[in-house]
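1. After the sequence you'll find the predicted model.
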Protein chains: 2
Amino acid sequence: MAKDLGVTSKEENYAEWYNDVVKKADLADNSVVRGCMVIKPHGYAIWENMQQALDGMFKATGHVNAYFPLLIPKSFLSKEAEHVDGFAKECAVVTHHRLMNDPNGKGVVVDPEAKLEEELIIRPTSETIIWNSYKNWIQSYRDLPLLINQWANVMRWELRPRLFLRTAEFLWQEGHTAHATYDEAEQETLTILEIYKRFAEEWMCVPVIDGIKSDGEKFAGADHTYTIEAMTQDFRAIQAGTSHHLGQNFAKAFDVMFQSAEGKQEYVYATSWGVSTRLIGTMIMAHSDDQGLVCPPKLAPVQVVIVPIGRGDDRTAVLEATDKIAAELRATTWHGKPISVKVDDREKESPGVKFNYWEMRGACLRIELGPRDLAENKCLLASRIGTEKIETPLNQVVQSVVTGLDNFQSELYTRALKLRGENTRRVDTWEEFQAAFANEGGGGFIIAHWDGTGETEDAISAATKATIRCIPLVPLEPNDVEPGTCVYSGKPSKQRVIFAKAY
Amino acid sequence: MAKDLGVTSKEENYAEWYNDVVKKADLADNSVVRGCMVIKPHGYAIWENMQQALDGMFKATGHVNAYFPLLIPKSFLSKEAEHVDGFAKECAVVTHHRLMNDPNGKGVVVDPEAKLEEELIIRPTSETIIWNSYKNWIQSYRDLPLLINQWANVMRWELRPRLFLRTAEFLWQEGHTAHATYDEAEQETLTILEIYKRFAEEWMCVPVIDGIKSDGEKFAGADHTYTIEAMTQDFRAIQAGTSHHLGQNFAKAFDVMFQSAEGKQEYVYATSWGVSTRLIGTMIMAHSDDQGLVCPPKLAPVQVVIVPIGRGDDRTAVLEATDKIAAELRATTWHGKPISVKVDDREKESPGVKFNYWEMRGACLRIELGPRDLAENKCLLASRIGTEKIETPLNQVVQSVVTGLDNFQSELYTRALKLRGENTRRVDTWEEFQAAFANEGGGGFIIAHWDGTGETEDAISAATKATIRCIPLVPLEPNDVEPGTCVYSGKPSKQRVIFAKAY
């Protein structure tokens, strides 16, 4: 299909297809600043819906929001040894606080007199600046737990940016909690992982595998990291959210101790966890098609588009009818919010152009209504992921839309689960393992035995580009946790883990 | 009063009083990064309430949210001549994108190899980066109007930071709209000003004067600027929100033209407008007292605190009763949201300590309930801004709380309006004008004639530290718009304007 009419097909070029969907569905655009994106209103509306749902889940589990500074003193990064290795190589550094007129008369230049004593970096994540505050907030066990979340922008200087999936600046939430015991922090880490999984599956319609990361893939500074991993339509993995048990690492780095109920001074235990605008990319990768965006109804900016058909004399009556339907739908609550409706009453565009336009932008359901339909007190109802148009009596539109949205939400999840099932398999020989990842594209989830060493992990990754996505918390099949031999080294293995090429 | 018990009194030192309230009410704290604040959960909850109300008002008038990059190429600033003069001298400059291990083994240093070709500045405001995008989004009159808002952090390197009122980094919303005609942009500017005024008065309980800025005080790059101005309890002015008509200045700087319905290429008209976390400081300055935070119920993090009285055997029955009241209140909607309630059931603190604690943190109403009250089926209801405790039958608590919140909201506004009225006066001689501003503190709003020149404005400011806050859109008294003679120069004046010392 010509690019000015639609999007590159998934088959032809998956990477270009993805980029086309993001741009032509009006979700985001590249900016002049390398690696930074502009999130356009239609894309930002998805993020707002995600924020609202997640924020509610965090608050329901006792978390509160706060805001910490954007800039972090350079020296803070070095306080946790693994942390600095993980983030120092990709951060934006502020060195001056003033510009001045160019003495040569060409615009403005950096004022050399305004050099900072210590450079500041734009937060790539906020553990260090936050634990420096917690030091002042925590004295006693009565100050714990501290359950704080922040909605913020962060920056990591990415070499290969890709809209939503990997951008230099992105929006996210980062939770940072403090606890008196290891076990309580562990429980917190898992509570959040469960929220992330539930959000991915029940809101985004994306089935995920929740598991623990290998040491090679854990967060820089964590004791251990939990993850949820999703599958794309080109059979790769996407890490969609992570929840870290930080042990006492940051408490020790920033000297945060508390007096226990028994009167002893102890270091505080920490967790951190986050999901980002990457979730929007994950959702596109999981559901969209060659006609554009497919969006789960619970997160869609436009759940229902109404297209009045016909011109001339009949138009007034048709528009009255479509406005009435729109008003009825907007007065209806679906999953706690009024149904989101657009009436596309543009006069100069044909119905066909409008259908394509709203398919591209991921409107879940479409209602068509013309003079003849009106005369017969009915309309046509079409789903973005269906093929039929269903005749619906006008007095049943609201009920049909509600049912349609319910079905859409469950069907989308089922479809994604089926795709994942068809592209997940157990492999026991190195030849078969290599063959699975030999192609340019993905290769699916390969469930194989691993000897538990970093050397083997590195060797497998070097040979196949596949990495260990996680060790599932719950085995996908019961005998996945029976001992075996490593698919690469032949050494003993305690259990199977998930390998995949990842975004 | 000793500082460890309460706050410095307003009388004693207004600036310290303000700082004490912010810190002891647990709203915000200074951070290690110069001029940047940490917004603590109790303060951030106020911002979330503000965001929700404002966002709803913006959306109800057709605006949508989006997100633009944090970093702006240095050269963009120079494209609008007045704009660069206004912002170049106070911006954080990113010059490098990587740190490296210090060759001398001491932490990390800036990697000289990672110098950016063009420096980037952290947005002090986003006109330039946004209009660079709008250039690609606007071709035809059918793309207009474009009504976009952004919730974001911005950074201005302030020399004299003050929590909430003036910080290097702050949170705000910035609206950026594009229009086909000057008049439509003017209408937009005034629509937003009206929203700001309504929000200040109906949510924050802060009466404001809406007016136009003198050329000396307008936004750098604007054709003209509208403002809302509030009064503090030390009789100064606070600029609480601004709405700018940018004319075609940014469209010309970034070459943004559209084809009109008549087929002509024309430059686009622009507006921008913003309010920030400064509103929290404004609210504190307007209402709080020596006991701590006073917060309007519509924005308060905690509207009702319930303090169970008594220990021992009676405690269980009392706690059951207070939990029941809390549940009833939480099930009650006030102004669209469930009433926000805390039960302070800490065992080790006395009722008196709890009363002080919640007065400091601005809980609007307090319910006290002990075993004797319970036996008589009543409780005591106290208001943060009242002096009496009112006996209330338990079966009337919900209604009494609702009435109490309503009264609180209107009384707070009335009180602030009275303060402003008592400190606003007309002055006609230079001697009297100087005397009004001779003290260290404020001086109120002085309504005086001005000859309309920048020279006089500068001379008055140099002599008295008072500036022109605005030329009111609606005269405060009818004859304020009758001609007169300038209070400073004696030259003819068209109307009176408002002078004040400002934060």
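-> On my side now, so go ahead.
2. so who does A:G6 touch?
-> A:D20, A:K24, A:D290, A:Q291, A:G292, A:N356, A:M360 (C-beta atoms under 8 Å, 6 or more residues apart in numbering or on different chains). C-betas here are computed from N, CA, C, even on glycine.
3. at 7 Å instead, please
-> Shown in contact with A:G6 (C-beta atoms under 7 Å, 6 or more residues apart in numbering or on different chains): A:D290.
4. Just confirm it is within a helix.
-> No. Applying DSSP: H, G, I helix; E, B strand; the rest coil, one finds A:G6 to be coil, outside a helix.
5. Count the neighbours of A:V397 for me.
-> Residue neighbour count, defined by other C-beta atoms under 10 Å in any protein chain shown, stands at 23 for A:V397.
6. quick one: A:G216 and A:T456 touch, right?
-> No. Contact criterion C-beta atoms under 7 Å: A:G216 and A:T456 do not qualify, at 10.1 Å.
7. Looking at the two, which one has more neighbours?
-> Taking neighbours as other C-beta under 10 Å, A:G216 and A:T456 compare with A:T456 leading, 18 against 13.
8. ok so that one is a helix residue?
-> Yes. Assigned with three-state DSSP, A:T456 falls within a helix.
9. For A:F408, which three-state class applies?
-> Going by three-state DSSP: A:F408 is helix.
10. pretty sure it is touching A:P297, no?
-> Yes. Contact between A:F408 and A:P297 holds when scored by C-beta under 7 Å: they sit 5.1 Å apart.
11. In contact with the nearest residue to A:D428 once chain neighbours are set aside, which residues are there?
-> Using C-beta to C-beta, 6 or more residues apart in numbering or on different chains and skipping the chain neighbours, the partner closest in space to A:D428 is A:V487 (6.5 Å). By C-beta under 7 Å, 6+ apart, the residues touching A:V487 are A:V427, A:D428, A:T429, A:W430, A:F433, A:A448, A:H449.
12. Of those - the most surrounded one?
-> For the contacts of A:V487, neighbours tallied by other C-beta under 10 Å; top is A:A448, 27 neighbours.
13. The nearest residue to that residue once chain neighbours are set aside and A:A237, how far apart?
-> Spatial nearest neighbour of A:A448, excluding adjacent residues (C-beta to C-beta, 6+ apart): A:V487 at 4.1 Å. Noted for A:V487: a distance of 17 Å to A:A237, by C-beta to C-beta, to the nearest Å.
14. Tell me which stretches of the stretch 251-400 of chain A form helices.
-> A:278-287, A:314-330, A:351-360, A:371-375, A:397-422 (DSSP state H, counting those that start in this stretch).
15. Would you mind grabbing the residues shared as contacts by A:F408 and A:P297?
-> Listed as contacting both A:F408 and A:P297 by C-beta under 7 Å, 6+ apart are A:C364.
16. What residues does the stretch 151-300 of chain A have near chain B?
-> A:N153, A:M155, A:W157, A:E169, A:L171 (C-beta under 7 Å from any C-beta of the partner chain).
17. Tell me which residues of stretch A:351-369 come out buried.
-> A:354-369 (16 or more other C-beta atoms under 10 Å in any protein chain shown).
18. So which of these reach chain B?
-> Applying C-beta under 7 Å from any C-beta to the buried residues of stretch A:351-369, none is adjacent to chain B.
19. and the least confident of the residues of the stretch 151-300 of chain A next to chain B?
-> Here the lowest pLDDT out of those sits on A:W157, with 92.
20. Quickly find the element holding it.
-> Using DSSP states H and E, A:W157 falls within no helix or strand.
21. Would you check that it makes contact with A:T167?
-> No. A:W157 lies out of contact with A:T167 (C-beta under 7 Å); the separation is 10.6 Å.
22. pLDDT weak spots in the stretch 101-250 of chain A?
-> Across the stretch 101-250 of chain A, nothing is flagged by pLDDT under 70.
23. Just the buried positions in stretch A:143-156, please.
-> A:144-156.
24. quick one, which of the helices of the stretch 251-400 of chain A is packed in tightest?
-> Stretch with highest mean neighbour count among the helices of the stretch 251-400 of chain A: helix A:278-287 (a mean of 25; mean count of other C-beta atoms under 10 Å in any protein chain shown).
25. What mean pLDDT does that one get?
-> 98.
26. For it, output the C-alpha coordinates as CSV.
-> Extracted as CSV, the C-alpha positions of helix A:278-287 are listed here (Å, rounded to 0.1, in the frame of the first residue of the first chain):
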residue,chain,number,x,y,z
ARG,A,278,6.9,2.5,26.7
LEU,A,279,3.6,0.9,27.7
ILE,A,280,2.0,2.7,24.7
GLY,A,281,4.6,1.2,22.4
THR,A,282,4.0,-2.2,24.0
MET,A,283,0.3,-1.9,23.3
ILE,A,284,0.8,-1.0,19.7
MET,A,285,3.2,-3.8,19.2
ALA,A,286,0.7,-6.2,20.7
HIS,A,287,-2.5,-5.3,18.9
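27. Packing partners of that helix?
-> With contacts taken as 3 or more C-beta pairs under 7 Å, 6 or more residues apart in numbering or on different chains; DSSP states H and E, helix A:278-287 sits against helix A:14-24, helix A:41-60, strand A:237-247, helix A:397-422.
28. one step back: what does the residue nearest to A:D428 show for phi and psi?
-> A:V487 adopts backbone torsions of phi -60, psi -20, taken as degrees, to the nearest 10.
29. For the nearest residue to A:R366 once chain neighbours are set aside, give its distance to chain B.
-> Spatial nearest neighbour of A:R366, chain neighbours left out: A:A382 (4.6 Å); criterion: C-beta to C-beta, 6+ apart. Noted for A:A382: a distance of 26 Å to chain B, by C-beta to the nearest C-beta, to the nearest Å.
30. Then A:P112?
-> 11 Å.
31. cool, A:K491 as well?
-> A:K491 is 35 Å from chain B, by C-beta to the nearest C-beta.
32. burial of that residue, as a residue count?
-> If we define neighbours as other C-beta under 10 Å, then A:K491 has 13 of them.
33. was I right about it contacting A:W450?
-> No. Counting by C-beta under 7 Å, A:K491 does not reach A:W450; the two are 9.3 Å apart.
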